[in-house]
Each structure stands twice: as C-alpha cells, then as structure tokens.
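1. Pasting a predicted model and its sequence here:
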Amino acid sequence: MVPRLVPAPSGHLHLFDTAADGVVPVGPSVGEGRPATMYVCGITPYDATHMGHAFTYLTFDEVNRVWRDLGLDVSYVQNVTDVDDPLLERAAATVVDWRDLAESEVSQFATDMQALRIISPDSYVSVSESMPVIEEFLTGLADAGRIYQIEADHEDWYFSFDDSPDFGQESHLDPTSMLAIFAERGGDPDREGKRHPLDALVWRQSRPGEPRWRSRLGTGRPGWHVQCTAIAQHALGATIDVQGGGSDLIFPHHEMCAAQGRAATGAPFARAFVHSAMVGLDGEKMSKSKGNLVKVRDLTAAGVDPLAIRLVLLAHHYRSDWEWTDLLLAQAQHRLAAWRSAAQGVTSADATQAIEGMRAFLRQDLRTDRALTLVDSWAQACELATTDHPGARRQMADAVDALLGVTIA
C-alpha cells in the first residue's frame, strides 16, 4: 500500500507536451470533478524488461504519483502488444508458441514492475483480448470512408491520412523525415496499392502461420497503431489527458494514433503527448533488437536492491537521454543506504521544507533529479542533528514512499 499524503489545496502538474513543444498544465484541475486519464503504450512481450523500459514506466509512475498527491483520482490504462511482428518472429525463431512466449514475458514484466514499485495500471489490456473493440473501431472508420482496402496481394486495409489536417502537428516532422522514420520503424511506404506512402496498415489479412481473427474486414490481425487507439478510446473516452511512451514512439506511432483517434470521434485524441528519453549503453540506445541490454531481472537475481535501480532512474530527468553505468548503480546504492540510515536513526532534522520542495520540483516537469537532492540534504542534516524532531522521520519516509516510490523505513 502506497502512503497517501494530505493533498495540497491547490496546484497542477506541468509536463512537456511534444505537440505543444513546451511545458503545459497536464490533467484536470484540483476540484474539477473528473479523473486524470492516462494511456501508456505497453511492451511487446518477446524479451525481459531492460532499463529503457524501466525508465519509461517509472516516468509515468511518477506522473501517476504526482496526480494522486494532488488529490486526483487517476484512470491509467496500459496495453500489452502481444500481436505484433517482433513477437511472432521471436516465437518462430525459438520454436515456441507465440502465446506461450507472450504469457511468459508478460509475467516477468509484471514481476520486474512490482520489484521497482511501479503502481499497477487500473487496466492492463492485451491486444489479443481486444479484437471486438478493435473491430468496432475499424468498422466505424470504414463507414466514414477513412480506411481503404488495397487491390494488391492480400488486400490489406490502410488508414488514409489525406483528410487529417493536423497530421504532423504532434511530431513536428517534415515529410522527408516522416518517410525515412516510417520505413525504419515498421512502416511500408513503398507498398504497392497504397494511396499515399504514409498511409498506415490497420488490418492485415491472414498469412500462413500467423495468428488470425475473423472480422468484418476479413480474417487477419490488426496493425500496430490502431491497437492503441482503439483500446485507449474504449477504456478512457474520446480524449485522454496523456498519451505516454518513449520518445521513439513520437513518430510514427503516436502521430498515427492521434490522426486515427480524431478521425474516429472528431475530437483530439490526447490533451498532451508526453515522452520519456532513451537510455543507452556503451554509446548506443539500449534496445532488444541490438541486444545491448541491462535487464532488471538480471540485476535483482544478482542481489541488487531493486530500489537502488529505481534511484538510478530517478536521478535522471525524464526528458534527457543518458547511459547506464555500474558507477551510477554504486552511487544509488550509497544514496539508498544514507536515506535509510537517516530514517531509522535516533536523531532527525525537520522534514517539512524538504517535502514541500520535493512536491514543487515534481509538479514542475517531474524534476525527480532535484527532488532526490532535497532528500540527500535532509539525510545529511539528520546525521549532524543532536536532537530529534518528533514525527519527522516517519513524515519523510511516507513522503519518499508516496512521491518517489522508495521505502526507507
């Protein structure tokens, strides 16, 4: 159970909105009377959680925690992309059933998230269990003339963005860059029969050896982008407060979700698009495809306290790319030990100013890095104190738990 502090009577969370290209208020105002809504794109479950994943889900865990600290109710949905090419390719290469592989990796992901004290989403939705929702969404787009079937081999269905005047406003990319990134990240700009190179696949007719579902569009499986759009709008409504994910999802994934969502409802898909930075190792982005991974399960199996891992992640601002090193982990382990020593000591310093400072830093674009330094200063003050402030240690322990997800008492 995460401690819930007495919420401040006013305040707002501010985050960097990629579409607005600036820091804006995110979520409802305190007292507005509705929950804050957030959809974060989940894993494709074909390998274990690495630090890039962990950094993304910790970022939105902090969004969740700050909203809760403001006294808001939060509706948080995350999907699991258990119907996608990387999973199917890994299953084929390792000669296992794709469903078994997905189930195993989803279980490991849940274990890793629990170890890092990531608050579970209210709904954790798999694509394979969402076919009726996706079919209903696509049928609506078909009736509106927003998707079309190509006449080339297999007669797949595509989303046409020609009538999307806002296309490009989330990513701010020029057409040349869009085409290059689209091709690099799973798109098919050169596919014969498409009306425009950037039109996105929404329903892939069945191929031998692939999972398939019956639908009014034919027997097959959904494309990537439409999965998230349909699930998010079904669970949270036409417009959500935050669509979140790593910065590698800005284009094409989140741009396509925004266009499809608006095409379906006429309303903006999200009020803010929030993205976490990339984590590297040895000069390259950490990724499953490259295999340069530091995995949560490997560290915890070696005896590393998962909260030290969390402190490594918290020490970096969510919008700044950074690289994992063993030195960072050693520093986090030292920091965790110092905090616990202060929280469990016999003397302490007043914690009120430090806690309010933490709240202020977190509400202003999630400055977790700065919030940590306030706890450092409090721990140092406790070490030098000659008297005890009644309740200060418990007060700080509850705040660090609620706001930063770290248990020190």
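-> Yep, that arrived.
2. Number of residues surrounding residue 318?
-> 26 (other C-beta atoms under 10 Å). Quick note: C-beta positions are derived from backbone N, CA and C, even for glycine.
3. Chain neighbours aside, what residue packs nearest to it?
-> residue 59 (4.3 Å; C-beta to C-beta, 6 or more residues apart in numbering).
4. Kindly report the same for residue 43.
-> Per C-beta to C-beta, 6+ apart, closest to residue 43 is residue 109, 5.7 Å.
5. And the helix or strand harbouring residue 261, what does it pack against?
-> Here residue 261, judged by DSSP states H and E, is contained in helix 255-265. Packing partners of helix 255-265 (3 or more C-beta pairs under 8 Å, 6 or more residues apart in numbering; DSSP states H and E): helix 131-143, strand 157-159, strand 200-205, helix 224-236, strand 270-276.
6. residues making contact with the second one?
-> When contacts are defined by C-beta atoms under 8 Å, 6 or more residues apart in numbering, strand 157-159 is touched by residues 138, 141-142, 146-150, 194-195, 199-203, 217-218, 225-226, 256, 259-260, 263.
7. Strands of the stretch 251-400 of the chain, start to end?
-> Ranges of strands in the stretch 251-400 of the chain, per DSSP state E, counting those that start in this stretch, are 270-276, 279-281, 284-285, 322-323.
8. quick revisit: same list, the helices and strands packed on helix 255-265, but as JSON lines with mean neighbour count and mean pLDDT please.
-> Below are the helices and strands packed on helix 255-265 laid out as JSON lines (neighbours: other C-beta atoms under 10 Å; pLDDT from 0 to 100):
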{"stretch": "helix 131-143", "mean neighbour count": "18", "mean pLDDT": "97"}
{"stretch": "strand 157-159", "mean neighbour count": "24", "mean pLDDT": "98"}
{"stretch": "strand 200-205", "mean neighbour count": "23", "mean pLDDT": "98"}
{"stretch": "helix 224-236", "mean neighbour count": "25", "mean pLDDT": "98"}
{"stretch": "strand 270-276", "mean neighbour count": "24", "mean pLDDT": "98"}
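9. and those as TSV, adding distance to residue 335?
-> As requested, these are arranged in TSV below (distance: least, C-beta to C-beta, whole Å):
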stretch	distance to residue 335
helix 131-143	44
strand 157-159	47
strand 200-205	44
helix 224-236	36
strand 270-276	21
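10. Relative to residue 10, tell me which of those wins on proximity.
-> strand 270-276 (19.9 Å; C-beta to C-beta).
11. mean confidence for the helix or strand hosting residue 60?
-> Using DSSP H and E, residue 60 sits in helix 51-69. For helix 51-69, mean pLDDT is 97.
12. How far does that helix sit from its chain's centre?
-> 7 Å (C-alpha atoms, centre = their mean, to the nearest Å).
13. Ok, stretch 187-204 next?
-> That offset, for stretch 187-204, works out to 27 Å (C-alpha atoms, centre = their mean).
14. okay, how far is it across that stretch, tip to tip?
-> End-to-end distance of stretch 187-204: 13 Å, with C-alpha to C-alpha, to the nearest Å as the criterion.
15. Then stretch 117-134?
-> Taking C-alpha to C-alpha, the first and last residues of stretch 117-134 lie 31 Å apart.
16. Tell me which residues are up against the helix or strand bottoming out on mean pLDDT in the chain.
-> One helix or strand of the chain scores below all others by mean pLDDT, DSSP states H and E: strand 284-285, with a mean of 87. Strand 284-285 is contacted by residues 52, 248, 278, 279, 290, 292 when judged by C-beta under 8 Å, 6+ apart.
17. So for those, which is the shakiest by pLDDT?
-> Across those, no position has a lower pLDDT than residue 290, which has 74.
18. Phi and psi next, for it.
-> Backbone torsions of residue 290, given as degrees, to the nearest 10, read phi -90, psi -20.
19. Where does pLDDT dip in the protein?
-> By pLDDT under 70, the weakly predicted segments of the chain are 1-4, 6-9.
20. now the helices: where do they sit in it?
-> For the chain, helices defined by DSSP state H occupy the ranges 51-69, 85-94, 98-115, 131-143, 175-184, 224-236, 255-265, 296-301, 306-314, 326-343, 352-363, 368-384, 392-399.
21. Any chance of a markdown table for those helices, columns distance to residue 163?
-> A markdown table is the format used below for the helices of the chain (distance: least, C-beta to C-beta, whole Å):
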| stretch | distance to residue 163 |
| --- | --- |
| helix 51-69 | 32 |
| helix 85-94 | 28 |
| helix 98-115 | 35 |
| helix 131-143 | 11 |
| helix 175-184 | 17 |
| helix 224-236 | 16 |
| helix 255-265 | 7 |
| helix 296-301 | 43 |
| helix 306-314 | 41 |
| helix 326-343 | 48 |
| helix 352-363 | 39 |
| helix 368-384 | 41 |
| helix 392-399 | 50 |
